[in-house]
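>>> Build me a structure from this.
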Amino acid sequence: MYGLHAINALLERSPERILEIWLAQPRDDARVRELKRTAEIAGSHVHAASVDALVKLVGDVNHQGAVAAIRPLKPWDENDLAQALERVADDALLLVLDGVTDPHNLGACLRSAAAAGVDAVITPKDRSAGVDGVVRKVAAGAADFVPLASVTNLARTLDAL
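Residues are numbered from 1 along each chain as shown. The predicted structure follows:
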């Protein structure tokens, strides 16, 4: 995971999922100091790293000087989705995405879904963007909190729901 907002969001909600954090040196602005302070309070290991070292970890992306190794969420399938929806007290609010192949668009959809209080996002397994570093960064942390179910057959899943 990379990006200041995405890492901060995970630190605030599930700090136990962060294994390590690397912060670019010599960057030392208020946002980086706040991230470092939050990480240290949460008990996360924070390391100084060169920008080149961060590029080796995540590639040539806009990591904003912050990279984290995390325990990812378990991906959901049709069974996980059905079990989770049984526990929803009211009518579930679902976001169904078909044909979203651009990770930037998936990240924006997940960010909007989190803001709207969506219970789960459903995508087809094939021909859809998967959750990666780009999705996590664009989603500003939502990719690690909004359940995403990748289903084999979207139409059959919707019929079953």
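
>>> I'd like the average pLDDT over stretch 90-109.
Averaging pLDDT along stretch 90-109 yields 95.

>>> Same check on stretch 58-65?
For stretch 58-65, the per-residue pLDDT averages 86.

>>> which parts of it are buried?
58, 63-65 (16 or more other Cβ atoms under 10 Å). Just so you know, the C-beta spots here come from the backbone N, C-alpha and C atoms, and that holds for glycine as well.

>>> Among these, which lie within strands?
Nothing among the buried residues of stretch 58-65 maps onto strands, per DSSP state E.

>>> Just put the residues you listed in TSV and tack on distance to Leu35.
As requested, these are exported to TSV (distance: Cβ to Cβ, whole Å):
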residue	distance to Leu35
Val58	16
His63	12
Gln64	10
Gly65	9
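
>>> Those in helices, which ones?
Val58 (DSSP state H).

>>> so which of the buried residues of stretch 58-65 comes closest to Leu93?
Nearest to Leu93 out of these is Gln64 (Cβ to Cβ; 31.1 Å).

>>> I'd say the closest one and Gly3 touch.
Yes - taking Cβ atoms under 8 Å as the definition, Gln64 is a contact partner of Gly3 at 5.2 Å.

>>> for this structure, which strand is longest?
strand 18-24.

>>> which parts of it are buried?
18, 21-24.

>>> And the buried residues of stretch 58-65, which is closest to Asn153?
Using Cβ to Cβ, the buried residues of stretch 58-65 come closest to Asn153 at Val58, 33.5 Å.

>>> which residue sits closest to that closest one, ignoring its sequence neighbours?
In space, Val58 comes closest to Tyr2 once its chain neighbours are excluded; the distance is 4.9 Å by Cβ to Cβ, 6 or more residues apart in numbering.
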